[in-house]
Every structure is written in C-alpha cells, then in structure tokens.
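K.L.:
build the 3D model from these lines:
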Amino acid sequence: MGLDAEMISYRVVGDTAEHQIALDAALPSALAAIIGKAVRKNRDDRYGTIAAMLQDLRGLVSSSTADGASGSPTTGFAPAAGTRST
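P.N.:
Numbers count the residues shown, from 1 in each chain. Below is the predicted model:
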C-alpha cells in the first residue's frame, strides 16, 4: 500500500532525515551524526561551509585510524559547530 499525497506532505514537513539515518544500524554513529547535520531541515543547523563538513569527516578518519580501527569510526565523535557564512 503506497502513501497518499497528504501523508507524503506530512512526512516532508514533519519528519527529519536524522530519524531515517538512525534506522540504519550498520552506519557508525559518528558518521550518522555528520550526515544528520548535513541534511537538517533548518539551514542554520546545517554545516555553514563544505570546509566545516570536511573537517569533521577528516577528524572521523583520523580518530578511527588513531584507535587502530579498520575503517570503523569511534562512537564518541561529535561534529564541529561550523558557522554559516552569509
């Protein structure tokens, strides 16, 4: 059974992408946090620049390499609070 137009509209306005990302248990939580910040509905809550996102991604890679993990990011990583340029 498919979704009707009203249900689709509600989900576009009301649901967050972060909720959908969290449903993928195979996705490391640190990477999910970065993706979640990148796709937030409120523009001011997203990364202000691609450089800020890249900084978080590089930090994720560095922390997983430093921990000796084979491509598995640490779960304690928190995305930087990139400022939005106007």
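K.L.:
now do the closest residue in space to R40 that isn't next to it in sequence, the pLDDT please.
P.N.:
Excluding the flanking residues, the one nearest R40 by CB to CB, 6 or more residues apart in numbering is R46, at 5.0 Å. The way it works is simple: take the backbone N, C-alpha and C, and place the C-beta from them, glycine included. Here, the pLDDT recorded for R46 equals 94.
K.L.:
so R46 makes contact with V39?
P.N.:
Yes. R46 is within contact range of V39, at 7.3 Å (criterion: CB atoms under 8 Å).
K.L.:
re earlier: give me the number of neighbouring residues for the residue nearest to R40.
P.N.:
By the criterion of other CB atoms under 10 Å, R46 has 16 neighbours.
K.L.:
next, give phi and psi for it.
P.N.:
phi -80, psi 170 (degrees, to the nearest 10).
K.L.:
quick one: low-confidence parts of this structure?
P.N.:
Residue ranges of the chain with pLDDT under 70: 1-2, 16-23, 67-86.
K.L.:
picking that back up, for the residue nearest to R40, give me its contacts.
P.N.:
K37, A38, V39, R40, R84 (CB atoms under 8 Å, 6 or more residues apart in numbering).
K.L.:
now these: which count as buried?
P.N.:
The neighbour-count test (16 or more other CB atoms under 10 Å) marks K37, A38 as buried among those.
K.L.:
D24: which of the contacts of R46 is nearest?
P.N.:
Relative to D24, the closest of these is V39; by CB to CB it sits at 13.3 Å.
K.L.:
quick check: the gap between G36 and E6.
P.N.:
To E6, G36 is 26 Å away according to CB to CB, to the nearest Å.
K.L.:
ok, the two, which is more surrounded?
P.N.:
The neighbour count for G36 versus E6, taken as other CB under 10 Å, is higher for G36 (20 against 8).
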